[in-house]
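Trainee: need coordinates for the following:
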Amino acid sequence: MDTLFPREPTVVRPGAVHLPDWLGPDEQRRWLARCRDWARSPAGLRRPHMPDGKPLSIRSVCLGWHWYPYAYSRTVDDGDGAPVKAFPDALRDLALRAVVDADAHLRARHGPGLEPARFRPDASIVNFYDHHATLGLHQDGVETCGSPVVTISLGDDCLFRLGNDHRPTRPWHDLRLHSGDLLVFGGPARAAFHGVVRVYPQTAPPELGMKAGRISITVRETGLSEPA
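Mentor: Got it, this is the predicted structure:
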């Protein structure tokens, strides 16, 4: 990390905030180890396909609820059929912390907050990107509760594109996300088109111990779980 030019937290658009270096090196290593455990079968890493059968270039594993275009289920319906892995309490706590921090930064800039007290995360999609993987601009429209989306980056840098609410074209904001960065978008940014344009090879911090590629840990509230 270049400490001569530290990166500053940024309100990307109302309701969306980028917090650089949100996870320190030790936390990054711990979450990478958990991602490796989650990737194992059953209900492990698989390549999602669009409804027309076209494969995505990412590989994914789900926790809490299994997602595939464009539905949630409790079993890996587009894979081995096994029950989805549990959504860990530690990841729920991490996501709650993320929304609290993002909300505080947004409110300090006199913008709309994210109502963290109402956030009930219950699902995660963990995506692995090799150096050729991308994710086209899309909206997260399956969830109806309107709660924020939390995304944490591990490994190589990526170019993340956060767009407008109406179509996958300009105007958009391009962000270079590093390992340990946090991006949260909710409120007026919840319906934003977003995607990953490219991954930058050999940009992961050496101390992470990840040879190649990028991992995103994305946490959401589906609105499908029974209240605790």
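
Trainee: strands along this structure, start to end?
Mentor: Assigned strands in the chain, in chain order: 10-13, 16-19, 59-63, 66-68, 71-73, 123-129, 135-138, 149-155, 157-162, 173-177, 182-185, 194-200, 214-220 (criterion: DSSP state E).

Trainee: out of the ones you listed, flag the one nearest Ala33.
Mentor: When the strands of the chain are compared by Cβ to Cβ, strand 149-155 sits nearest Ala33, at 10.6 Å. C-betas here are computed from N, CA, C, even on glycine.

Trainee: report the angle between that closest one and strand 214-220.
Mentor: 160 degrees (axes from the mean of the first three to the mean of the last three Cα atoms, to 10 degrees).

Trainee: off-centre distance for strand 149-155?
Mentor: How far strand 149-155 lies from its chain's middle: 4 Å, per Cα atoms, centre = their mean, to the nearest Å.

Trainee: now that strand against strand 157-162, angle please.
Mentor: Going by the same axes, to 10 degrees, strand 149-155 makes 160 degrees with strand 157-162.

Trainee: hang on, the earlier thing: Throw the strands of the chain into TSV and include mean pLDDT, mean neighbour count and distance to Ala104, thanks.
Mentor: Formatted as TSV, the strands of the chain follow (pLDDT from 0 to 100; neighbours: other Cβ atoms under 10 Å; distance: least, Cβ to Cβ, whole Å):
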stretch	mean pLDDT	mean neighbour count	distance to Ala104
strand 10-13	96	18	12
strand 16-19	98	25	9
strand 59-63	98	22	26
strand 66-68	95	22	29
strand 71-73	95	16	30
strand 123-129	98	23	23
strand 135-138	96	16	28
strand 149-155	98	25	14
strand 157-162	98	20	20
strand 173-177	98	17	20
strand 182-185	98	26	11
strand 194-200	98	18	22
strand 214-220	98	24	18
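
Trainee: can those go into a markdown table with extra columns for distance to Ala86?
Mentor: Shown next, in a markdown table, are those (distance: least, Cβ to Cβ, whole Å):
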| stretch | distance to Ala86 |
| --- | --- |
| strand 10-13 | 32 |
| strand 16-19 | 27 |
| strand 59-63 | 7 |
| strand 66-68 | 12 |
| strand 71-73 | 15 |
| strand 123-129 | 10 |
| strand 135-138 | 25 |
| strand 149-155 | 18 |
| strand 157-162 | 28 |
| strand 173-177 | 27 |
| strand 182-185 | 23 |
| strand 194-200 | 27 |
| strand 214-220 | 14 |
